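> got a predicted model here, sequence first, then my questions.
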Amino acid sequence: MNYRKKLVEAGKKLYNLGLVAGTSGNISIKENDDSYYITPSGLSYESMKEEDIVRIHKDGSAYKKEQKPSSEWMMHLEIYKKYPNYEAIVHTHSTVATSFAVSRVNIPLILIEMKPFLGGDIKVAPFEAAGSKELAESIIPYLKDRNSCLLANHGVVSCGKDLESAFISAEYVEDAAKIYFNSRLIGNPYIIEE
């Protein structure tokens, strides 16, 4: 399987859908317990090529020493370590969902798609510095029975059994955020019972 090609294609799609801006966000795929592929640090999705994708060990070191993985590699590896059922992670800075993260407001269960695709409502994990071990550890409880959560003042993380399901979850988080935002403007949103 060409992991690099899949990540480049997903990165371009992420950018074209407006789920990231500039070089923000990152994507990874688990190959095995000591091999992961992740998007590089500080490179635009539009210009990203297969050879730019970084293969890293479970300690975060790159197989090719000259390559620099995304600054959020610790977050990805911590999730894979704690939740071995996940094979891919998509981290976005999608506008409306991140607005809820900045406001530290959870997105309740408002859409029928949220239960099967996300696991339920979307909670905000506490703020920690980007790229830090503290951030990596702080989000773990928020993914216990959900595949996605908001990162306070930062963005969204979505996980899946493969890249396609992680990507769809990231799309549904932003969709739910848009609809919840609009429904709050209209009036009092009705929450679906768990």
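That came through fine. Numbering: from 1, shown residues only.

> now for the strand or helix carrying Arg184, which elements pack on it?
Using DSSP states H and E, Arg184 maps to helix 163-186. On a contact count with 3 or more CB pairs under 8 Å, 6 or more residues apart in numbering; DSSP states H and E, helix 163-186 meets helix 3-16, strand 26-32, strand 88-92, helix 95-103, helix 114-118, strand 148-151, strand 155-160. For every residue, glycine as well, the C-beta is placed using N, CA and C.

> what's the closest of those to Tyr80?
The closest of the helices and strands packed on helix 163-186 to Tyr80 is strand 26-32. By CB to CB, the value is 5.3 Å.

> just to revisit the earlier point, may I see the buried residues of the helix holding Arg184?
163, 165-177, 179-181 (16 or more other CB atoms under 10 Å).

> next one: stretch 140-159
So, applying 16+ other CB under 10 Å, buried residues of stretch 140-159: 140, 142-143, 146-152, 154-159.

> now do stretch 106-126
107-111, 114, 117-125.

> take those and keep only those in helices.
Judged by DSSP state H, the subset of those located in helices is 114, 117-118.

> to Ser132, which of the helices and strands packed on helix 163-186 lies closest?
Going by CB to CB, the one of those nearest Ser132 is strand 148-151, 11.4 Å.

> quick check on the spatially closest residue to Gly42 that is not a sequence neighbour: phi, psi?
The shortest distance from Gly42 to any non-neighbouring residue, by CB to CB, 6 or more residues apart in numbering, is to Thr23 (5.3 Å). Dihedral angles of Thr23 (phi, psi; degrees, to the nearest 10) stand at phi -110, psi 10.

> now do the same contact list for Thr23.
Residues in contact with Thr23 (CB atoms under 8 Å, 6 or more residues apart in numbering) are 42-45.

> can you tell me how far it is from Ser70?
According to CB to CB, to the nearest Å, Thr23 stands 9 Å off from Ser70.

> residues that sit against both of these two, list them.
With CB under 8 Å, 6+ apart, Thr23 and Ser70 have no common neighbours.

> which members of the buried residues of stretch 106-126 are the farthest-apart pair?
Farthest apart among the buried residues of stretch 106-126 - using CB to CB - are Leu111 and Ala125, which lie 21.0 Å from each other.

> done for today, thanks.
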